[in-house]
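# Could you work out the structure for the sequence below:
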Amino acid sequence: MTVYDYTVQKPNREDVKMEAFKGKPMLIVNTASKCGLAPQFEGLQKLHETYGDKGLQVLGFPCDQFNNQEFDDIEKTTEHCQINYGVSFPMFAKIKVNGKETHPLFDYLKNQQKGLLSKEIKWNFTKFLVDKEGNVVKRYAPTTPPDKIEEDIKSLL
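Residues are numbered from 1 along each chain as shown. Next comes the predicted model:
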């Protein structure tokens, strides 16, 4: 299996098959608009602007599991990200990344690249780097700034 075997939803609940991103490296991130790490949206947007035309897909998945740091209304989430951080990369419907209701994509990502002590996601802005073939090649801690991932991204382009 690869990430291409999963389906996610746009904020309007329209299904998107991950195979739509086939042949492109991806940086998949669980995000939260009200998190202290939210300024990372700027760095993620910069990666999108710098490497998007070379194929990189930055994909944001809002999550409310860590101290309820996401808006209840997904429209507020997307508007907040656009207005405050200039986000133009794809954002998806709010999901769960841990527990019984974990989205299948994130279950897969966590099983492919475990964290330091366990596979569970510890906080917002955990990042997964996926190669052009859909393989999860690296996992980054929430505190890893997007610019520190740049060399790894370049190696996949």
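# In this structure Glu75 contacts Pro11, no?
Yes - with contacts counted by CB atoms under 8 Å, Glu75 reaches Pro11, the gap being 6.9 Å. Just so you know, the C-beta spots here come from the backbone N, C-alpha and C atoms, and that holds for glycine as well.
# Tell me which of these two has more neighbours.
Pro11 (16 against 10; other CB atoms under 10 Å).
# Local confidence estimate at the closest residue to that one other than its chain neighbours?
In space, and not counting its chain neighbours, Pro11 is closest to Ile74: 4.4 Å by CB to CB, 6 or more residues apart in numbering. pLDDT for Ile74: 88.
# what sits against Ile74?
Pro11, Pro62, Ala93, Lys94 (CB atoms under 8 Å, 6 or more residues apart in numbering).
# Kindly reformat those residues as JSON lines containing pLDDT.
Listed next are the contacts of Ile74 as JSON lines, based on pLDDT from 0 to 100:
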{"residue": "Pro11", "pLDDT": "93"}
{"residue": "Pro62", "pLDDT": "97"}
{"residue": "Ala93", "pLDDT": "96"}
{"residue": "Lys94", "pLDDT": "95"}
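# who wins for neighbours among those?
Result: Pro62 is most packed of those (other CB under 10 Å), 24 neighbours.
# Now do the SS call for that residue.
Three-state call for Pro62 (DSSP: H, G, I helix; E, B strand; the rest coil): strand.
# what about the closest residue in space to it that isn't next to it in sequence, distance to Gln65?
Among residues not flanking Pro62 along the chain, Lys94 sits closest, at 4.5 Å (CB to CB, 6+ apart). Distance of Lys94 to Gln65, given as CB to CB, to the nearest Å: 10 Å.
# give the contact list for the residue nearest the centre of the chain.
The centroid of the chain falls nearest to Val29 when counting by CA atoms, centre = their mean (1.9 Å). Listed by CB under 8 Å, 6+ apart, the contact set of Val29 reads Leu44, Val58, Leu59, Gly60, Phe61, Phe125, Thr126, Lys127, Phe128.
# what's across from Gly60 in the sheet?
Val29, Met91 (DSSP bridges).
# Hmm, it is touching Pro90, no?
Yes - using CB under 8 Å, Gly60 is in contact with Pro90, at 6.9 Å.
# neighbour count winner among the two?
Each of Gly60 and Pro90 has its neighbours counted (other CB under 10 Å); Gly60 has more, 25 against 17.
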